[in-house]
Each structure stands twice: as C-alpha cells, then as structure tokens.
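**Q** Predicted model and sequence follow; I will ask about them next.
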Amino acid sequence: MLYILSKLLDGFTSPINWILGLLLLAIFFKKKKIRTWLICVALASSLIFTNIPLYIEACRAWSAPYRTPLDTTVVYDLAIVLGGSTSYSNEWGQIDYSDSGDRMTEAIRLYRNGRIKKMLVSGDQAINIYKGKSYAPYFLSYMDQMGVKREDIILEQKARTTRENILRINEIISNYNHPKILLITSGWHLRRAMKGFKSSGLNLVPYGVDVPSRNEMHGWNEWLPFWQVAVKWQELIHEIVGMAIIN
C-alpha cells in the first residue's frame with residue numbers, strides 16, 4: 001500500500017504532469033479568459049520548472065540543514081546507504097549508476113579510507129529481489145572488485161520506499177551493536193529520511209551527497225529551458241510533500 005501511495009505521489013508531484021494538465025484544461029474550457037489564464041500559468045510553470053539556477057538554489061536551501069562537514073576524527077561502525085543509486089544491466093552485465101550514484105561511490109570512498117567499518121545497503125535496484133530473482137551476487141562481486149569485502153556488506157533486499165527502508169533497516173540493526181551509524185543519501189532526501197529514522201527511535205549522523213553546486217552555472221545559457229530539470233524538481237517536490245503527509 002505504501003509503495004502504491006508513493007508512486008501516486010510521484011504522478012501528483014510531477015511539474016510536467018501539471019503543465020500538460022493545464023494545457024489540456026485550456027483545450028476544454030470555452031471561456032477565452034479562463035483558457036488564457038490556464039495557458040499563462042502553464043507557460044510560467046514551464047519556465048520555472050525547466051530553469052537550472054532556480055532548481056539549484058531550491059535544492060541547496062532544502063538540503064542546507066544537513067550540509068555539515070563530517071567529523072574527520074570519527075570512525076563509524078556502520079554506514080546506511082539508501083537505495084536508488086545503482087541497478088544491474090542484464091544486457092551489458094554491468095552495474096549502472098543513476099543520477100544518485102554519489103550515494104554508493106561516496107560510501108565506497110569512505111570505506112576505502114577507513115572512515116566506516118561496514119555498510120548496509122537498503123532497497124537498491126541492483127540488489128532487490130524482483131519476481132523471485134536477485135542480482136545481488138553480481139553486486140557483491142562488483143563491490144569486491146571495488147575493494148569492499150563481502151563480510152563488510154549487509155544487504156536489505158525488499159524495501160521499495162523510504163518508509164520501507166526505515167522499517168526494514170530497524171529490523172536488521174536491532175540484531176547488531178552499532179553505536180556510531182552514518183546515513184548516506186542524497187542531500188534533498190535527508191530531511192525526510194532523518195525524520196523517519198528519528199521517529200523510529202534510531203539516532204544517525206546524516207551525510208548528504210548529490211547536492212548541486214553553484215559552480216555548475218557556467219553562463220547565460222544555463223537560464224535557458226532544460227526539460228530534464230523538471231524531473232529533478234519532481235524529486236524535490238516529492239520530498240517536500242512527503243515530509244508533510246507520509247512521515
């Protein structure tokens with residue numbers, strides 16, 4: 001049920017769906033004033049939600065509370081890496097990184113540098129069980145090639161949403177003694193994830209990755225409409241709405 005609600009929320013928080021919906025309404029309304037108003041709102045929305053600098057500033061503002069430097073003197077017993085960063089390609093026999101791949105690459109870097117002892121990967125496409133099949137062996141082989149020992153990886157293979165991540169991770173961690181735990185996920189996802197984990201009684205140290213930098217704005221062309229940014233806006237809006245109605 002939570003998974004279905006999450007997917008419905010994806011549809012309702014999509015700026016592209018909003019824009020298309022407004023244009024469709026404009027077709028069906030006969031009154032010229034209403035049609036003009038709907039078209040103007042659709043045009044304004046398309047300019048806002050395809051704008052790179054506006055998205056960068058909004059994402060940075062949402063991520064700001066958890067943009068704190070990691071204590072370099074602490075070695076963490078466990079790092080929780082929330083899913084959404086990798087998948088397995090049957091066609092090429094490779095692990096593919098998504099736009100949130102920093103979650104995994106940063107976890108590997110911290111492990112290789114001795115900053116974390118073990119990692120718990122939850123709900124990633126590359127390890128999840130789907131229709132009775134799991135590609136976890138390929139993922140573990142990949143991690144071994146990246147220098148992460150098999151005995152230092154704990155897999156949670158069923159979660160499909162943030163709420164399911166929290167519930168299943170709590171079940172796993174209850175069997176271990178990990179006093180110092182790091183939570184690694186995208187900066188825009190940390191607010192909702194931390195709120196959910198705190199409400200479940202689990203105290204974690206947040207570590208945000210994948211936060212856009214102002215250095216990504218290189219010139220005037222960055223202000224031109226870019227439709228892929230609308231997908232990023234959808235992720236951010238999903239988090240904001242999810243904070244209010246899910247966790």
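**A** Noted; the coordinates are in hand. Residues are numbered from 1 along each chain as shown.

**Q** alpha carbons only for contacts and neighbour counts from here, please
**A** OK.

**Q** Check for me that residue 80 belongs to a strand.
**A** Yes: per DSSP: H, G, I helix; E, B strand; the rest coil, residue 80 lies within a strand segment.

**Q** if I look at it, how far off is residue 119?
**A** Residue 80 is 6 Å from residue 119, where distance means C-alpha to C-alpha, to the nearest Å.

**Q** Strands of this structure, start to end?
**A** Along the chain, the stretches classed as strands by DSSP state E are 76-82, 86-89, 94-97, 116-122, 129-130, 133-134, 153-156, 181-186, 205-209.

**Q** can I get these in JSON lines with distance to residue 66?
**A** JSON lines is the format used below for the strands of the chain (distance: least, C-alpha to C-alpha, whole Å):
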{"stretch": "strand 76-82", "distance to residue 66": "16"}
{"stretch": "strand 86-89", "distance to residue 66": "23"}
{"stretch": "strand 94-97", "distance to residue 66": "24"}
{"stretch": "strand 116-122", "distance to residue 66": "19"}
{"stretch": "strand 129-130", "distance to residue 66": "31"}
{"stretch": "strand 133-134", "distance to residue 66": "33"}
{"stretch": "strand 153-156", "distance to residue 66": "25"}
{"stretch": "strand 181-186", "distance to residue 66": "10"}
{"stretch": "strand 205-209", "distance to residue 66": "7"}
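
**Q** Among those strands, which comes closest to residue 28?
**A** Nearest of the strands of the chain to residue 28, taken as C-alpha to C-alpha: strand 181-186 at 40.5 Å.

**Q** Just send the strands of the chain back as a markdown table, with mean neighbour count, mean pLDDT and distance to residue 39 too.
**A** Shown next, in a markdown table, are the strands of the chain (neighbours: other C-alpha atoms under 10 Å; pLDDT from 0 to 100; distance: least, C-alpha to C-alpha, whole Å):
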| stretch | mean neighbour count | mean pLDDT | distance to residue 39 |
| --- | --- | --- | --- |
| strand 76-82 | 23 | 94 | 39 |
| strand 86-89 | 18 | 86 | 39 |
| strand 94-97 | 16 | 89 | 38 |
| strand 116-122 | 22 | 95 | 43 |
| strand 129-130 | 14 | 75 | 42 |
| strand 133-134 | 12 | 81 | 47 |
| strand 153-156 | 18 | 93 | 46 |
| strand 181-186 | 24 | 94 | 34 |
| strand 205-209 | 22 | 93 | 37 |
